[in-house]
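Visitor: Sequence plus predicted model, see below.
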Amino acid sequence: MTSLLVLTTCFGAAVTVLTASGWGWRAFAAYGQHSGGGEGALTVWQLIAHVEKERQQWERQGRHQLREPEPCWPDNDAPAIPPLELQRRVLDSLCRS
């Protein structure tokens, strides 16, 4: 009688495990798959390679090249600096607001 109880318990556990693993397999089999990105779509591996390439380029450039360069104006195209009186009037009007 005891062996029959042990056999039934093991059989029930095996059926439970197989059912759960079958359900898990079917439920998550499509996980990570895409429904067709279309023409020219990038894969995950292509995106990873692209990011790695950008990271290597940044490392080679150094920190000083990450900033935007200051625009150098030719003498004839330099923006005109408004007179000091105009700057004061603008500042006063902004302070009043």
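Guide: All right, it came through fine. Residues are numbered from 1 along each chain as shown.

Visitor: what's the average pLDDT for whichever strand or helix holds Leu91?
Guide: For Leu91, the element it lies in under DSSP states H and E is helix 84-96. Mean pLDDT, computed over helix 84-96, is 89.

Visitor: hey, C-alpha coordinates of it in CSV?
Guide: Coordinates of each C-alpha in helix 84-96 appear next as CSV, following Å, rounded to 0.1, in the frame of the first residue of the first chain:
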residue,chain,number,x,y,z
LEU,A,84,25.7,99.9,-23.3
GLU,A,85,22.7,102.2,-22.9
LEU,A,86,20.5,99.8,-24.8
GLN,A,87,21.7,96.9,-22.7
ARG,A,88,20.9,98.8,-19.5
ARG,A,89,17.4,99.6,-20.7
VAL,A,90,16.7,96.0,-21.5
LEU,A,91,18.0,94.8,-18.2
ASP,A,92,15.9,97.4,-16.3
SER,A,93,12.8,96.3,-18.2
LEU,A,94,13.5,92.7,-17.4
CYS,A,95,14.0,93.4,-13.8
ARG,A,96,10.6,95.3,-13.6
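
Visitor: outside of that helix, which residues touch it?
Guide: With contact meaning Cβ atoms under 8 Å, 6 or more residues apart in numbering, helix 84-96 is reached by no other residue. Heads up, the C-betas are built off the backbone N, CA and C, glycines and all.

Visitor: now for the helix or strand of the chain with the lowest mean pLDDT, which elements pack on it?
Guide: Least confident helix or strand of the chain, by mean pLDDT, DSSP states H and E, is helix 2-28 with a mean of 78. Packing partners of helix 2-28 (3 or more Cβ pairs under 8 Å, 6 or more residues apart in numbering; DSSP states H and E): none among the helices and strands.

Visitor: and the next element down the chain from it?
Guide: Past helix 2-28, the next helix or strand by DSSP H and E is helix 44-61.

Visitor: Gln57: neighbour count?
Guide: By other Cβ atoms under 10 Å, 9 other residues sit near Gln57.

Visitor: do Thr8 as well
Guide: Counted with other Cβ under 10 Å, Thr8 comes out at 10.
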